[in-house]
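# the following comprises the amino acid sequence and a computationally predicted model.
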Amino acid sequence: MDSALPKFILSQDYELFFHKSGSIEKCLFEPCTALLNFADRHDSKITFFVDAGMLRCMERHARLEHSARRVLDRVRKHVTSLADAGHEIALHVHPHWEDTQWLDNDWQFAGTRYKIDMFSLEETDRIFRDYAACLAELSGCMPTAYRAGGFCVEPFDQIRAVLSDLGIFIDSSVLPGALLRDPEKGFDFRHVPNRESWTFQDSPTSHEVDGEFLEIPISAQRMPFFYYWERALDRVGASNISTHFGDGSSKRIGRAEIARRLLGLSRVAELSIDDAKAEHLLRFANLHSDRQLWQVMGHPKLLSRRSLQTLDQFMERVGLRRFDTITAVAGEIRADHGATV
């Protein structure tokens, strides 16, 4: 990557839906084929934050259920193929898979624990070591980057030691300026540093010059006031806005957060190629064309064909020729800034 050009990371959370899971074909395989074709055209590499808990849960049930075994074998081969193609396999932890059951050829999420602080320190240590080992087995190397499920990275002190021990030094769970008030999966990033990257030690929300960890946040945008009204109409079927690949459905947030969004009190969202957000990429590019580090995220399950068309236009507008993995960009950041990151 030319150091004179802005740095660009395209990251994807490789996972099923958390309500009605959807199929591996529609949520993972088909959209990833489109993503890889796009990456090849740009001579670029994607960072896939792979939901390793999903894989471990599949393994547990595959011992007893032939249908679960078939699903597991195909997903494992797919993750390996992504790594073999040169894309990064990074750690994504959704601990609700620890409690998930396979019943009637489908995943049942009732009664599951969503956030890592719902687990003991011993359970947390076991989960992270096991999940990282799972990805290392499939990709051929230990992951060096982490993203918390639902951006629920706090309390970081519960995972700091195990991440350090595993050699995971990059976090990408922070969405600057965002707040989600939800009893099961909330976060508060309203007061994080207004920077494109920073080092930290005790919490990714606080810059510490000599910290051993590097935060590469997701680029944030302020959504138009009526965005969430449009999404609400789409939810109840009054419109047909979304055309994403995935055939599942997400767990709904609490009523209090829905009200905050509809009142315009919660408008910061991730810069994303998910179908519902992709159209806002160009507006953001016009407002922030001077950025030197971009991270656009998304989920294969929420990708659409028009997402990638818009991403092409976005890259052209801000002068981005290609994108690289988050670990490669982290190396450039450290080389450029050293301990002052």
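Yep, it's here.
# next, residue 260: secondary structure please.
helix (DSSP: H, G, I helix; E, B strand; the rest coil).
# just for the stretch 201-341 of the chain, where's the confidence low?
235-242, 337-341 (pLDDT under 70).
# in it, which spans are helices?
Assigned by DSSP state H, counting those that start in this stretch, the stretch 201-341 of the chain shows helices spanning 227-235, 255-262, 275-278, 281-287, 305-318, 326-337.
# which of those helices is buried the deepest?
The highest mean neighbour count among those, using mean count of other CB atoms under 10 Å, belongs to helix 275-278: a mean of 22. Bear in mind the C-beta positions are built from the backbone N, C-alpha and C, glycine included.
# quick check, distance from it to the centre of its chain.
15 Å (CA atoms, centre = their mean, to the nearest Å).
# and for stretch 253-271?
Worked out by CA atoms, centre = their mean, stretch 253-271 lies 19 Å from the chain centre.
# next: stretch 219-234.
19 Å.
# end-to-end on it?
25 Å (CA to CA, to the nearest Å).
# again with stretch 107-126
23 Å.
# list the buried residues of it.
Buried positions in stretch 107-126, judged by neighbour count with 16 or more other CB atoms under 10 Å: 107, 109, 112, 114-116, 118-119, 124-125.
# what does that stretch contact?
The contact list for stretch 107-126 (CB atoms under 8 Å, 6 or more residues apart in numbering) reads 16, 18-19, 21, 57, 93-102, 127, 148-150, 152, 154-155, 158-159, 161-162, 184-185, 251.
# and for stretch 140-147?
11, 13, 47, 49, 83, 88-93, 132, 135-136, 163, 166-173, 326-327, 330.
# can you give me the strands for the stretch 51-200 of the chain?
Assigned strands in the stretch 51-200 of the chain, in chain order: 88-93, 101-103, 106-108, 145-148, 170-171, 179-180, 187-188, 198-200 (criterion: DSSP state E, counting those that start in this stretch).
# three-state assignment of the most centrally placed residue in the chain?
By CA atoms, centre = their mean, the mean C-alpha position of the chain lies nearest to residue 13, the distance being 3.7 Å. Judged by three-state DSSP, the three-state class of residue 13 is strand.
# gap between it and residue 89?
Counting by CB to CB, to the nearest Å, the separation of residue 13 from residue 89 is 12 Å.
# got the contact list for the closest residue in space to residue 69 that isn't next to it in sequence?
The spatial neighbour of residue 69 that comes closest, neighbours along the chain excluded (CB to CB, 6 or more residues apart in numbering), is residue 62 at 3.9 Å. Applying CB under 8 Å, 6+ apart to residue 62 gives the contacts 68-69, 71-72.
# so which of these wins on neighbours?
When neighbours are counted by other CB atoms under 10 Å, residue 72 leads these with 22 neighbours.
# surely it and residue 56 touch.
No: assessed by CB atoms under 8 Å, residue 72 is found out of contact with residue 56, at 9.8 Å.
# about what we covered before: distance of the residue nearest to residue 69 from residue 105?
From residue 62 to residue 105 the distance is 13 Å (CB to CB).
# so what sits against both of the two?
With CB under 8 Å, 6+ apart, residue 62 and residue 105 have no common neighbours.
# do a quick rundown of the helices in the stretch 1-150 of the chain.
Using DSSP H, counting those that start in this stretch, helices in the stretch 1-150 of the chain cover 24, 30-41, 52-62, 66-84, 121-139.
# what does the first one contact?
Translated: helix 24. Residues from elsewhere that reach helix 24 (CB under 8 Å, 6+ apart): 16, 71, 74-75, 78.
# ok, residue 154 touching residue 205?
Yes: the pair residue 154 / residue 205 is scored as a contact, 7.5 Å apart, by CB under 8 Å.
# circling back: which one of the contacts of helix 24 is nearest residue 221?
Nearest to residue 221 out of the contacts of helix 24 is residue 16 (CB to CB; 25.8 Å).
# quick one: the closest one from residue 64, how far?
From residue 16 to residue 64 the distance is 20 Å (CB to CB).
# now do residue 250
28 Å.
# counting neighbours, go ahead and name the busier of the two.
Neighbour totals were compared for residue 250 and residue 64, and residue 250 leads with 15 against 9 (other CB under 10 Å).
# dump the residue contacts of the nearest residue to residue 312 once chain neighbours are set aside.
Closest residue in space to residue 312, ignoring its immediate chain neighbours: residue 38 at 7.9 Å, by CB to CB, 6+ apart. Residues counted as contacts of residue 38 (CB under 8 Å, 6+ apart) are 308, 311-312.
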